[in-house]
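> Quick one: sequence and predicted model below, then my questions.
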Amino acid sequence: MTQVQVATKLGKPQSYVSKYESGDRRLDVTEFVQIADFLSLDISGFLDQYRAKAGTFNSPI
């Protein structure tokens, strides 16, 4: 999926999505869920894999 396609689905300009990729902007939870839905991404599985690789979620907040 291209930045333009994601931006169109979010109702935002392409530059908005580009900022996610460049690290200039963070996704909020709502946007993350919308993009995950567009990509048919299993959020639970994604987070499990992220935690396993990051290793930073083992300590309490």
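Thanks, I have the structure now.
> can you give me the helices for the protein?
3-10, 14-22, 29-38, 43-54 (DSSP state H).
> Can you redo the ones you listed as TSV, where the extra columns are mean pLDDT and mean neighbour count?
Quick note: C-beta positions are derived from backbone N, CA and C, even for glycine. Listed next are the helices of the chain as TSV, based on pLDDT from 0 to 100; neighbours: other CB atoms under 10 Å:
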stretch	mean pLDDT	mean neighbour count
helix 3-10	91	15
helix 14-22	93	14
helix 29-38	91	13
helix 43-54	89	10
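> List the contacts of Gln3.
Residues in contact with Gln3 (CB atoms under 8 Å, 6 or more residues apart in numbering) are 14, 17-18, 21.
> hmm, try it at 10 Å
Shown in contact with Gln3 (CB atoms under 10 Å, 6 or more residues apart in numbering): 13-21.
> Specify which member of those is nearest to Leu41.
Closest approach between these and Leu41, by CB to CB: Tyr20, at 14.4 Å.
> wait, doesn't that closest one sit right on Gln14?
No. Tyr20 lies out of contact with Gln14 (CB atoms under 10 Å); the separation is 11.1 Å.
> Now for those two: what residues contact both?
3, 6.
> Centroid-nearest residue for this structure?
With distances taken as CA atoms, centre = their mean, Phe32 lies nearest the centre of the chain, 4.2 Å away.
> who are the neighbours in contact with that one?
Per CB under 10 Å, 6+ apart, neighbours of Phe32: 20, 26, 41, 43, 46.
> can you list the contacts of Gln3 in JSON lines and add distance to Gln3?
Below are the contacts of Gln3 laid out as JSON lines (distance: CB to CB, whole Å):
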{"residue": "Pro13", "distance to Gln3": "10"}
{"residue": "Gln14", "distance to Gln3": "5"}
{"residue": "Ser15", "distance to Gln3": "9"}
{"residue": "Tyr16", "distance to Gln3": "9"}
{"residue": "Val17", "distance to Gln3": "4"}
{"residue": "Ser18", "distance to Gln3": "6"}
{"residue": "Lys19", "distance to Gln3": "10"}
{"residue": "Tyr20", "distance to Gln3": "9"}
{"residue": "Glu21", "distance to Gln3": "7"}
